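Q: Below are the sequence and a predicted model; questions follow.
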Amino acid sequence: MKVLHVITGLGVGGAEQQLRLLLRHLPYEADVVTLTNPGAVARAVVREGGRVRNLDMAGNRDLAALPRLTRLIARGHYDVVHTHLYRACLYGRLAARLARVRTVVATEHSLGEARIEGRPLGPGVRGLYLASERLGTTTVAVSATIARRLAQWGVPERRIQVVPNGIDADRFAFDARARASVRRQLGIPARAFTVGAVGRLAAGKRFHTLIDAVGELPDTWLVLAGAGEQEQPLRARAERLGVAGRVVFAGECVQDAGAPAGHRPTLAGILSAVDCLASPSGEEAFGLAVVEGLAAGLPVAYVTCPAVDDLPAGAAPGALRTGRTAAAFTTALAGLRDTGRLPVPDAVRRYDVRATSARLVEVYEAAVARAPLPHPVAAPLPAARTTASADLSPAPPTNTPAPLTNTSEKEESR
């Protein structure tokens, strides 16, 4: 089986990191197309032997990208096209059908009650999503919570499959040497009680709540592992509250044990360095950072985490659900100060990447077995630039498109 993954971008993020991890464990030949932003995760995929194509899409309404993507898919003779994230689902599903791919799977990584990937869920966004969903074979939800939301939206339940995000739990095992090294690197005192938070520095993650809580907790430090448009406002808030010296911005953490050494600590190293994890986001599709924190033996305070909330009671005894306010986090974090490291809970074992990859294989095979043959169509314009090295700079725009060509006989026989 040959699979093409289409994703909106490959900067550092939960969906992007999840795709990288799946590529290591799925037993298929696979390529990746990023519509835009071939960033740190794209470079990591290439380092690990993968191939990434950059479509170099100019924006959400760059309709010229559709025929380029269609041509790329048709030339690749893929058995499955798997799309990830909103824009990639819209363009990827349609391009796959135009290229006569029989099986089109989409993973819904980030559908909240009121937003999808930061977009307000107005009638236009919802209508376009549902119209696109009908072009697919199967829609994968990363949690039971997301599956319920999709069904409430009107996606037929028979088309929804739950495949939770997976983690390589061994990677996050506590490392005393990494703890000491990362604390020195970040300038954190060896014995200071330190809270960690992981995720894109975006308004929806509500990391300002933790800065406010640290302001009420003398001698408590905060490490924010991530980057994004809210970094400067968060820095300014820490300055205003007089806690800038105890708030560390660690930047993006894409590297792991298999990557070249760099100037930033790994995510696993940061989780060894901190004493607890906090997740103040009020709307999560899965809650990957919470599960990673539990894998590191950390007590966790969180607002919402379907990965934990969808499990039976007691599956994650180290996870404490708390309120959204700074006062609630102040109380919760103060209560976790003397907890120390905890045994890895059953919740983590449920999300082992080998198990979730095996589940996705089942979804692929079932979808391939029942997928109808699409109607034949013409294959359109030139393909995107192919990159098989670490050089992932955008390709120059194509101003003179090639003429339409008929679908080849080989494609007709598929």
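A: In hand now; what should we look at?
Q: isn't Glu292 right up against Ile167?
A: Yes - judged on CB atoms under 8 Å, Glu292 makes contact with Ile167 at a distance of 5.9 Å. The way it works is simple: take the backbone N, C-alpha and C, and place the C-beta from them, glycine included.
Q: higher neighbour count, the two?
A: Glu292 (25 against 22; other CB atoms under 10 Å).
Q: so the more buried one, which of the three states?
A: Three-state assignment for Glu292 (DSSP: H, G, I helix; E, B strand; the rest coil): helix.
Q: can you pull the contacts of it?
A: Contact partners of Glu292, counting by CB atoms under 8 Å, 6 or more residues apart in numbering, are 167, 172, 198, 267, 271.
Q: for Gly76, same thing?
A: By CB under 8 Å, 6+ apart, Gly76 lies in contact with 2, 4, 31.
Q: Could you tell me whether the last one really is in a helix?
A: No - Asp31: not assigned to a helix; according to three-state DSSP it is strand.
Q: That one and Val46 touch, don't they?
A: No - counting by CB under 8 Å, Asp31 stays clear of Val46, with 11.6 Å between them.
Q: hey, what's in contact with both of the two?
A: Taking CB under 8 Å, 6+ apart as the contact rule, the neighbours common to Asp31 and Val46 are Val52.
Q: which regions of the stretch 51-200 of the chain sit below the pLDDT cut-off?
A: Residues of the stretch 51-200 of the chain meeting the criterion pLDDT under 70: 112-115, 117-119.
Q: ranges for the helices of it?
A: 65-76, 86-98, 123-133, 144-153, 176-186 (DSSP state H, counting those that start in this stretch).
Q: nearest to Asp346, of those helices?
A: Smallest distance to Asp346 across the helices of the stretch 51-200 of the chain (CB to CB): 16.6 Å, for helix 144-153.
Q: helices or strands next to the closest one in the packing?
A: Helix 144-153 is packed against helix 123-133, strand 138-141, strand 160-162, helix 306-309, with contacts defined by 3 or more CB pairs under 8 Å, 6 or more residues apart in numbering; DSSP states H and E.
Q: what about 7 Å?
A: If you count contacts as 3 or more CB pairs under 7 Å, 6 or more residues apart in numbering; DSSP states H and E, helix 144-153 packs onto strand 138-141, strand 160-162.
Q: tell me the contacts of the residue nearest to Ala301 when sequence neighbours are not counted?
A: Nearest non-adjacent residue to Ala301, counting by CB to CB, 6 or more residues apart in numbering: Ala332, 4.1 Å away. By CB atoms under 7 Å, 6 or more residues apart in numbering, the residues touching Ala332 are 301, 320, 322.
Q: Please settle this for me: is Ala332 part of a strand?
A: No - looking at Ala332 with three-state DSSP, it is helix, so not inside a strand.
Q: and it, how far is that from Thr339?
A: 11 Å (CB to CB, to the nearest Å).
Q: Likewise for Ile167?
A: Ile167 is 21 Å from Thr339, by CB to CB.
Q: Done for today, thanks.
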